[in-house]
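A.B. asks: Generate a structure from the sequence data that follows.
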Amino acid sequence: MSLFVCFGVLYTPASAAGAGVSLKLGVNDKLTEIEAVPVQGSYYIPLRALSTELNWTITGQTDGIAVAAGGKSARLLNNNGGLKLQDGTVVPVDSFLRNGSLMVPVKISSYLGYSITFQGDKYLLRVRDASAALSDKAFVEKYGDKLKPQAVSTPAPSGDNAVKGRTLYLTFDDGPSATTAQLLDILDKYEVKATFFMLGPNMNRYPAQVKRTQKNGHGLGLHGMTHRKEKFYASPAAALAEMTADNAVLKKISGAETTLIRPPYGSKPYFTKNFRDKVLNQGYHLWDWNVDSEDWRYKEDSDKIYNSVMSQVHKLQSSKTNPVILLHDQKATLKVLPRLLETFKKEGYSFAVITKDMKPLNFWNDER
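C.D. replies: Numbers count the residues shown, from 1 in each chain. Just a heads-up that it's a prediction; the model follows:
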């Protein structure tokens, strides 16, 4: 059975691909690693991952997220308000968060001029435009068993799932430093992954710790070059130049690049719209935090740091918000970190790294 879908709901026959299984998404002539998740008769995929594959432009707006491709555009409205098309029509489209990624139905691509093919008996789910050379039959022949699905747990469209509010993101600024090795030792001991927003000069000074951070599976982020307000915020071009230079250092040392950034001192009040437009339109994703450990303030007073963090984390529980915790790669943090990790684990938190596919958390609510 073959079902060609355009401007409609993508339905998954239980007798074919089956409910509760995910499929790898085909994009033109490529089988991607994007996981398409079935939810109530539709397949959902991470918006940012699909946008990257198809070179869409995503822009955060006050009322939602604007998506543009090939001269067409649409706006995904906040609070599941639907998809607003160029002619002003609003069509029903749900979205939800899954492990930090904004999930949207595959059918959103049809409103931007793409065709969607679903062949349940062959496990084929494919988005394509005029540049695709392979027929659906040739695509299936080329990728064969790689199309077969993986069993998954189906989340609810609202985003309610077991990890909502219970996944914790540790972030460390200003490194690497002379104590990064000890910091990584602690994280290894507790089997915890974190995300490091690093300064270019410090990476040059401690290249071995950059390589170890990457090897151990931690997240890599950029914090600029100077950490000086008068230089970083001298102009939008200056901010972009610092992040670009920082990324070049990271690539030179580790071979990796990243799109995750955190401006010095956080994005408010200095990282205004002009700065964000200049930097984020180059593909960077802006991250702040919702829990400030204040380790920069209390230094060696680990009790104050611990109490400050736990108070803020517990306040987030009522809204089931996942904590993103600001810490610093410094000696004073080493004293309190084991205590925090032990408490988090006792309270049932899991840990994850920030990735480019996640909806960014920042003080401006800029979702680019």
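A.B. asks: quick check: mean pLDDT across stretch 230-244?
C.D. replies: Average pLDDT, stretch 230-244: 97.
A.B. asks: list the contacts for the closest residue to residue 368 other than its chain neighbours?
C.D. replies: Beyond its immediate neighbours in the sequence, the residue positioned closest to residue 368 (Cβ to Cβ, 6 or more residues apart in numbering) is residue 280, lying 4.4 Å away. Every residue, glycine included, has its C-beta placed from N, CA and C. The contact partners of residue 280, by Cβ atoms under 8 Å, 6 or more residues apart in numbering, come to 286, 366, 368.
A.B. asks: distance of the last one from residue 287?
C.D. replies: Spelled out, it's residue 368. With the distance defined as Cβ to Cβ, to the nearest Å, residue 368 ends up 12 Å from residue 287.
A.B. asks: Then residue 334?
C.D. replies: The separation that residue 334 has from residue 287, given Cβ to Cβ, amounts to 23 Å.
A.B. asks: what's the burial count for residue 179?
C.D. replies: 17 (other Cβ atoms under 10 Å).
A.B. asks: That one and residue 332 touch, don't they?
C.D. replies: No - Residue 179 is not in contact with residue 332 according to Cβ atoms under 8 Å; the separation is 9.2 Å.
A.B. asks: Can you pick out the residue with more neighbours from residue 334 and residue 287?
C.D. replies: Summary of the neighbour comparison: residue 334 and residue 287, criterion other Cβ under 10 Å, with residue 287 having more neighbours (25 against 15).
A.B. asks: wait, isn't that one in contact with residue 361?
C.D. replies: Yes - the criterion here is Cβ under 8 Å, and residue 287 meets it with residue 361 at 6.1 Å.
A.B. asks: Which neighbours do those two have in common?
C.D. replies: Shared between the contact lists of residue 287 and residue 361 (criterion: Cβ under 8 Å, 6+ apart) are residues residue 324.
A.B. asks: Around residue 283, how many other residues sit close by?
C.D. replies: Using other Cβ under 10 Å, residue 283 has 11 neighbouring residues.
A.B. asks: so what's the closest residue to it other than its chain neighbours up against?
C.D. replies: Once its chain neighbours are removed from consideration, residue 283 has its nearest residue in residue 259; the separation is 5.4 Å (Cβ to Cβ, 6+ apart). Residues counted as contacts of residue 259 (Cβ under 8 Å, 6+ apart) are 283-285, 356.
A.B. asks: Residue 95 now?
C.D. replies: Residue 95 sits in contact with 47, 76, 80, 102-104, 157, where contact means Cβ under 8 Å, 6+ apart.
A.B. asks: change it to 6 Å
C.D. replies: With contacts defined as Cβ atoms under 6 Å, 6 or more residues apart in numbering, residue 95 is in contact with 102, 104.
A.B. asks: Can you give me the domain assignment for this protein?
C.D. replies: Partitioning the chain according to automatic domain parsing yields domains covering residues 3-151, 167-351.
A.B. asks: For residue 233, see how far away residue 213 is.
C.D. replies: According to Cβ to Cβ, residue 213 and residue 233 sit 27 Å apart.
A.B. asks: Look at these two and report which has more neighbours.
C.D. replies: residue 213 (27 against 19).
A.B. asks: Could I get the full set of strands for the stretch 51-200 of the chain?
C.D. replies: Counting by DSSP state E, counting those that start in this stretch, the stretch 51-200 of the chain has these strands, from start to end: 57-61, 64-69, 72-77, 83-85, 90-91, 96-98, 101-105, 115-119, 124-128, 150-151, 167-173, 195-198.
A.B. asks: okay if I get these as CSV plus distance to residue 140 and mean pLDDT?
C.D. replies: Listed next are these as CSV, based on distance: least, Cβ to Cβ, whole Å; pLDDT from 0 to 100:
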stretch, distance to residue 140, mean pLDDT
strand 57-61, 31, 83
strand 64-69, 26, 89
strand 72-77, 28, 90
strand 83-85, 30, 92
strand 90-91, 30, 89
strand 96-98, 27, 75
strand 101-105, 23, 85
strand 115-119, 7, 92
strand 124-128, 6, 94
strand 150-151, 18, 52
strand 167-173, 36, 95
strand 195-198, 38, 97
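A.B. asks: now, of those, which is deepest in the fold?
C.D. replies: A comparison of the strands of the stretch 51-200 of the chain by mean neighbour count, using mean count of other Cβ atoms under 10 Å, puts strand 195-198 on top with a mean of 28.
A.B. asks: For the helix or strand just after it, C-alpha coordinates in CSV please.
C.D. replies: Using DSSP states H and E, the helix or strand that directly follows strand 195-198 along the chain is helix 200-205. Coordinates of each C-alpha in helix 200-205 appear next as CSV, following Å, rounded to 0.1, in the frame of the first residue of the first chain:
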residue,chain,number,x,y,z
GLY,A,200,39.1,30.8,22.8
PRO,A,201,42.3,31.9,24.7
ASN,A,202,41.7,29.3,27.4
MET,A,203,41.2,26.5,24.8
ASN,A,204,44.6,27.5,23.4
ARG,A,205,46.1,27.3,26.8
